[in-house]
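*Asks:* build the 3D model from these lines:
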Amino acid sequence: MCGICGFVGKGDEQLLNRMMASIAHRGPDDSGAYIGEARDGLKVGLGHLRLSIIDLSPAGHQPMPDDRQEIWLTFNGEIYNFQEIKAELRSKGYEFRSATDTEVIINAYREWGQDCLKKLNGMFAFALWDCHNNSLFIARDRLGIKPLYYTETGLGLAFASEIKALLEIEDVKREIDIEALHQYLSFLWVPDPKTLFKGIFKLPPGYYAIYKGGRLQTKQYWDLRFEVDESRSERYWREQVLESLSRAVRLQMISDVPLGAFLSGGVDSSSIVALMSKLADKQVQTYTIGFKNEDLRYDIIPDDVQYARQVGKLFNTLYNETLLEPQVVDLLPRLVYHLDEPIADPAIISSYLVCRAARETLTVLLSGMGGDEIFAGYPRHLAVKLAEFYNLIPQAISNRVTAAMRGGGAGRLTALMRNTKKLARSAAQPAKERYLGFGTYFTEDEKYNLYSDGLRSATRGMNPYDKHLEYFDRVKSEDFINQMLYIDIKTFLPCLNLTYTDKTSMATSLEVRVPFLDHELVELTARIPPSLKLRGFKRKYILKRSVERLLPKEIIYRKKAGFSAPVRAWLVKDLRDMVEDLLSEANVIQRGHFNYRAVRQLIDDNLTGKEDNSLKVFQLLTLELWQRTFLK
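*Replies:* A predicted model of the protein is given here:
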């Protein structure tokens with residue numbers, strides 16, 4: 001796990017050094033730089049910051065050349081099947097000087113060109129300079145586990161693991177992309193390929209790009225195909241899921257440094273821990289976080305710690321538990337800096353703190369992330385089905401229910417009302433719009449009231465759902481359950497969950513691996529009938545049946561908690577002064593994006609419990625912190 005950056009253009013060694021210094025936290029063990037000449041008189045710069053995981057020797061130094069010094073590679077990630085590819089390349093006459101997966105990528109490119117990507121099983125983002133072809137080849141893994149940003153300016157093309165490295169380039173202007181802002185307020189995050197910075201883009205998952213002769217061409221090399229097989233029995237799929245997950249965990253346990261697991265007590269992380277305990281030759285280290293009861297009373301977040309303790313004891317893990325009392329006033333600005341873009345999910349705080357705790361003893365942590373996206377585990381997957389039953393309620397009764405909810409509530413009741421209102425608001429819509437409604441925070445009407453006249457004019461005609469609808473169109477012939485999962489895998493997973501996981505873990509120099517996102521397991525789930533993913537009202541049905549031989553039923557079938565944080569408690573208490581300061585009338589008017597009266601109403605209704613506006617207020621607070629951090 002590392003940080004990479006570089007350029008092809010009019011840059012120099014000083015620029016490359018500045019870019020590398022901005023992301024030094026990603027690789028504390030080693031650093032390296034390559035400066036070369038392109039045929040058109042331009043410079044090529046490749047930078048690398050190393051967090052040593054495989055082959056800790058100096059032989060793993062990057063950027064790494066091939067034996068002819070015609071190919072140079074800077075690489076972030078892990079290739080789990082590199083030994084298998086290495087054996088195949090050796091049979092073709094290739095020789096190796098190191099035990100690294102980096103050298104395997106170089107020789108795989110020499111043998112198969114861009115098609116080498118189809119051979120790789122892992123998480124990766126890399127840049128490869130081909131002196132012979134005078135071209136830069138950049139690529140990102142299939143699911144988007146590792147990030148890769150790029151920008152084109154008058155100086156040429158630049159790329160990096162984090163946006164802050166690109167901001168070291170003088171030609172890169174620190175301006176807001178208005179369409180991206182419109183999307184951010186809908187979803188809490190910005191869909192690929194845009195970022196909130198105008199002119200800076202994310203290479204989408206499963207894509208590569210070639211930069212040659214001053215032109216950048218992108219191409220998709222992988223997509224998820226649903227080829228559902230209805231001929232197999234449930235028992236067959238249970239065995240296949242467990243076998244594939246076991247293989248993924250075994251592959252991802254390969255490490256030359258200490259390795260452990262995040263344990264929430266849910267079925268995903270508990271399954272990972274159970275399999276690690278079977279495969280490991282020593283006790284598995286696990287890390288669990290919890291919150292104070294005083295904070296939890298404001299949100300519908302169950303206390304998971306009791307289940308995590310049970311799983312830790314069952315598998316005799318080296319169990320580490322932390323009760324979080326974060327100094328959020330100090331922590332939030334630091335996280336906004338590390339995230340590069342505002343991501344208004346309070347889980348960023350929980351993620352950072354568990355990574356920081358684990359880094360005291362470990363360098364690699366396995367996570368259960370991805371299970372919900374491939375097996376249909378989110379409440380919104382179930383809500384689409386529940387909405388069908390809600391629509392059977394006579395109109396007069398449903399109108400009374402909606403009216404009753406306008407009164408708000410207190411504590412957890414307020415948060416429950418928020419989710420119930422979403423259901424009522426979206427239930428009458430067609431299935432596609434219903435799903436999108438469940439993932440929306442500021443509706444279009446709410447944004448109209450929030451926006452200043454200038455922002456209303458600038459966003460007129462923009463549809464924040466354009467990217468989602470494009471993906472829906474790709475799978476329009478599939479069962480709607482699979483349609484939802486496809487959209488999640490293309491948007492919610494890489495743009496929110498994987499983005500904040502990468503940034504918060506690398507802020508602490510920790511590598512996080514995600515066995516559920518092994519692409520062979522993901523492709524397997526695309527063949528499983530959707531009725532085995534969401535069966536009746538049982539989410540992740542086939543996964544839960546598959547791991548019954550590993551875990552007790554009270555762990556498998558308990559109520560889902562989700563990975564979040566008590567944001568409403570923090571906004572009412574710890575962050576209250578920060579909200580009043582940063583979202584003051586003077587600051588809101590100076591920015592010019594929003595109508596202050598609408599902002600004030602959101603804050604007041606959240607404080608009194610009239611409405612649960614916690615995530616909306618957190619969005620606005622995070623956005624203001626981001627502007628203060630990155631915009632001049």
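*Asks:* and stretch 244-258, how far apart are its ends?
*Replies:* One end of stretch 244-258 sits 24 Å from the other (Cα to Cα, to the nearest Å).
*Asks:* mean confidence score for it?
*Replies:* In this model, stretch 244-258 carries a mean pLDDT of 91.
*Asks:* what sits up against that stretch?
*Replies:* Stretch 244-258 is contacted from outside by 52-56, 78, 80-81, 121, 259, 271-272, 275-276, 279-280, 285, 361-364, 366, 513, 515-516, 518, 520-521, 524, 546, using Cβ atoms under 8 Å, 6 or more residues apart in numbering. C-beta: built from backbone N, CA, C; applies to glycine.
*Asks:* repeat for stretch 480-487
*Replies:* Contacts for stretch 480-487 (Cβ under 8 Å, 6+ apart): 224, 226, 228, 373-374, 376, 380-381, 384, 431-432, 435, 468, 471-472, 474-476, 478, 526, 530, 533-534.
*Asks:* name only those of those residues that count as buried.
*Replies:* 224, 226, 373-374, 376, 380-381, 384, 431-432, 435, 468, 471-472, 475, 478, 526, 530, 533-534 (16 or more other Cβ atoms under 10 Å).
*Asks:* distance of the most centrally placed residue in the chain from Tyr150?
*Replies:* Most central in the chain under Cα atoms, centre = their mean is Leu498, positioned 1.6 Å from the mean C-alpha point. Distance of Leu498 to Tyr150, given as Cβ to Cβ, to the nearest Å: 18 Å.
*Asks:* do Asp223 as well
*Replies:* For Asp223 relative to Tyr150 (Cβ to Cβ), the value is 21 Å.
*Asks:* over to Arg359?
*Replies:* Counting by Cβ to Cβ, the separation of Arg359 from Tyr150 is 29 Å.
*Asks:* those two: which is more packed in?
*Replies:* Ranked by neighbour count (other Cβ atoms under 10 Å), Arg359 and Tyr150 place Tyr150 first, with 22 against 17.
*Asks:* tell me which element the more buried one is part of?
*Replies:* Per DSSP states H and E: Tyr150 is located in strand 149-153.
*Asks:* run through the neighbouring helices and strands of the helix or strand just after that strand.
*Replies:* Moving toward the C-terminus from strand 149-153, the next helix or strand (DSSP H and E) is strand 156-160. Helices and strands in packing contact with strand 156-160 are listed as strand 2-9, strand 149-153, helix 163-166; criterion 3 or more Cβ pairs under 8 Å, 6 or more residues apart in numbering; DSSP states H and E.
*Asks:* so where's the stretch 401-550 of the chain shaky on pLDDT?
*Replies:* 401-428 (pLDDT under 70).
*Asks:* helices of that one, residue ranges please.
*Replies:* Assigned by DSSP state H, counting those that start in this stretch, the helices in the stretch 401-550 of the chain fall at 412-426, 431-438, 444-450, 453-459, 466-474, 480-487, 498-506, 519-525, 541-546.
*Asks:* most tightly surrounded among the ones you listed?
*Replies:* Stretch with highest mean neighbour count among those: helix 498-506 (a mean of 25; mean count of other Cβ atoms under 10 Å).
*Asks:* convert the C-alpha atoms of that one to PDB, please.
*Replies:* In PDB, the C-alpha atoms belonging to helix 498-506 read as follows (Å, rounded to 0.1, in the frame of the first residue of the first chain):
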ATOM      1  CA  LEU A 498     -14.000   2.800  -0.500                       C
ATOM      2  CA  THR A 499     -12.900   6.400  -0.800                       C
ATOM      3  CA  TYR A 500     -13.200   7.200   2.900                       C
ATOM      4  CA  THR A 501     -11.700   3.800   3.800                       C
ATOM      5  CA  ASP A 502      -8.700   4.400   1.700                       C
ATOM      6  CA  LYS A 503      -8.100   8.000   2.900                       C
ATOM      7  CA  THR A 504      -8.700   7.400   6.600                       C
ATOM      8  CA  SER A 505      -6.600   4.200   6.700                       C
ATOM      9  CA  MET A 506      -3.700   5.800   4.700                       C
END
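*Asks:* show me what that helix packs onto, helices and strands only.
*Replies:* Helix 498-506 sits against helix 328-339, helix 347-358, strand 511-513, with contacts defined as 3+ Cβ pairs under 8 Å, 6+ apart.
*Asks:* most tightly packed of the ones you listed?
*Replies:* strand 511-513 (a mean of 26).
*Asks:* can you redo the helices and strands packed on helix 498-506 as TSV with distance to Ile542?
*Replies:* Below are those laid out as TSV (distance: least, Cβ to Cβ, whole Å):
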stretch	distance to Ile542
helix 328-339	34
helix 347-358	26
strand 511-513	23
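*Asks:* which one, of those, ends up nearest to Asp12?
*Replies:* Nearest to Asp12 among those is helix 328-339 (26.1 Å), distances taken as Cβ to Cβ.
*Asks:* how about residues contacting that closest one?
*Replies:* So helix 328-339 is contacted by 25, 164, 342, 348-349, 352, 499-500, 503-504, 506-507, 570, 574-575, 577-578, 621-622, 625-626, 629 (Cβ under 8 Å, 6+ apart).
*Asks:* now the angle from it to helix 498-506?
*Replies:* 110 degrees (axes from the mean of the first three to the mean of the last three Cα atoms, to 10 degrees).
*Asks:* before we move on, the earlier item: out of the contacts of stretch 244-258, which end up buried?
*Replies:* 52-54, 78, 80-81, 121, 259, 271-272, 275-276, 280, 285, 362-364, 366, 513, 515-516, 518, 521, 524, 546.
*Asks:* tell me which of those residues fall in strands.
*Replies:* Of these, the ones assigned to strands by DSSP state E are Glu78, Leu259, Gln285, Val364, Leu366, Arg513.
*Asks:* quick check: the first one touching Gly122?
*Replies:* Read that as Glu78. Yes: when contacts are counted by Cβ atoms under 8 Å, Glu78 is listed as touching Gly122 (5.1 Å).
*Asks:* next, show the common contact partners of those two.
*Replies:* Asp101.
*Asks:* ok, back up a step: which one of the helices and strands packed on helix 498-506 has the lowest average pLDDT?
*Replies:* helix 347-358 (a mean of 92).
*Asks:* could I get the ones in strands among the buried ones among the contacts of stretch 244-258 as JSON lines with distance to His132?
*Replies:* As requested, these are arranged in JSON lines below (distance: Cβ to Cβ, whole Å):
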{"residue": "Glu78", "distance to His132": "28"}
{"residue": "Leu259", "distance to His132": "38"}
{"residue": "Gln285", "distance to His132": "46"}
{"residue": "Val364", "distance to His132": "36"}
{"residue": "Leu366", "distance to His132": "39"}
{"residue": "Arg513", "distance to His132": "34"}
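*Asks:* just those residues now: which is nearest Gly214?
*Replies:* Lowest distance from Gly214 to these (Cβ to Cβ) belongs to Glu78, with 32.9 Å.
*Asks:* which ones are touching Leu318?
*Replies:* Leu318 makes contact with Gly260, Gln283, Val284, Gln285, Thr286, according to Cβ under 8 Å, 6+ apart.
*Asks:* just the buried ones among those, please.
*Replies:* The buried subset of the contacts of Leu318 (16+ other Cβ under 10 Å) comprises Gly260, Val284, Gln285, Thr286.
*Asks:* what sits closest to the third one if chain neighbours are left out?
*Replies:* So that's Gln285. Gly260 (3.4 Å; Cβ to Cβ, 6 or more residues apart in numbering).
*Asks:* any idea how far Met506 is from that neighbour?
*Replies:* 17 Å.
*Asks:* now Ser452
*Replies:* 36 Å.
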